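Enquirer: Sharing a model that was predicted from the sequence below.
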Amino acid sequence: MIEIKAVEKPDERRDFPRGHLEAVHMSGLDFAVGTFEPGWRWSESVGPIAGTESCQVHHNGYCVSGRMRVRMDDGAEQEVGPGDVFVITPGHDAWVVSDESCVVYDFAGGMATDYAKAQGS
């Protein structure tokens, strides 16, 4: 089997305050491109949609541009920037710290399937 899709033609797009997500769904892979504008913060832009205190999605990703700060529920903090590959487990907040949009590719699957969706939808 060979399955190829272009990220320029996503299967779905989800808009939320100060950002959006484009998802490509394939056999064995749900891939997401997240674009987060300056001023975006998960707890303000996506938290009300998700209905949780912190992001409960697991992320395996790559930062293409911009910078984002991530704070885990236990208080640990790190910054993600261009060229960084990252794993972020559930239980975190995040916010853009650059003057340009932060664009990330996420391969874990949960971002493409569950991110910025109301619980139960």
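Expert: Yep, that arrived.
Enquirer: any weak-confidence spans in this structure?
Expert: Scanning the chain for pLDDT under 70 picks out the ranges 119-121.
Enquirer: dump the residue contacts of the residue nearest the centre of the chain.
Expert: In the chain, the centroid-proximal residue (CA atoms, centre = their mean) is Gly34; its distance is 4.9 Å. Applying CB atoms under 8 Å, 6 or more residues apart in numbering, we find Gly34 in contact with 19-21, 102-104, 106, 111, 115. Yep, even glycine has a C-beta here, placed from its N, CA and C like the rest.
Enquirer: what about Val104, how many residues close to it?
Expert: 23 (other CB atoms under 10 Å).
Enquirer: And the closest residue to Gly39 other than its chain neighbours, how close does it get to Met72?
Expert: Nearest residue to Gly39, sequence neighbours excluded (CB to CB, 6 or more residues apart in numbering): Arg18, at 5.5 Å. Distance of Arg18 to Met72, computed by CB to CB, to the nearest Å: 22 Å.
Enquirer: can you check Gly81 too?
Expert: In terms of CB to CB, Gly81 sits 18 Å off from Met72.
Enquirer: circling back: which of the contacts of Gly34 fall within helices?
Expert: Members of those lying in helices (criterion: DSSP state H): Met111.
Enquirer: Using JSON lines, please lay out the contacts of Gly34 together with distance to Ile49.
Expert: JSON lines is the format used below for those (distance: CB to CB, whole Å):
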{"residue": "Gly19", "distance to Ile49": "11"}
{"residue": "His20", "distance to Ile49": "12"}
{"residue": "Leu21", "distance to Ile49": "11"}
{"residue": "Cys102", "distance to Ile49": "18"}
{"residue": "Val103", "distance to Ile49": "20"}
{"residue": "Val104", "distance to Ile49": "18"}
{"residue": "Asp106", "distance to Ile49": "17"}
{"residue": "Met111", "distance to Ile49": "13"}
{"residue": "Tyr115", "distance to Ile49": "9"}
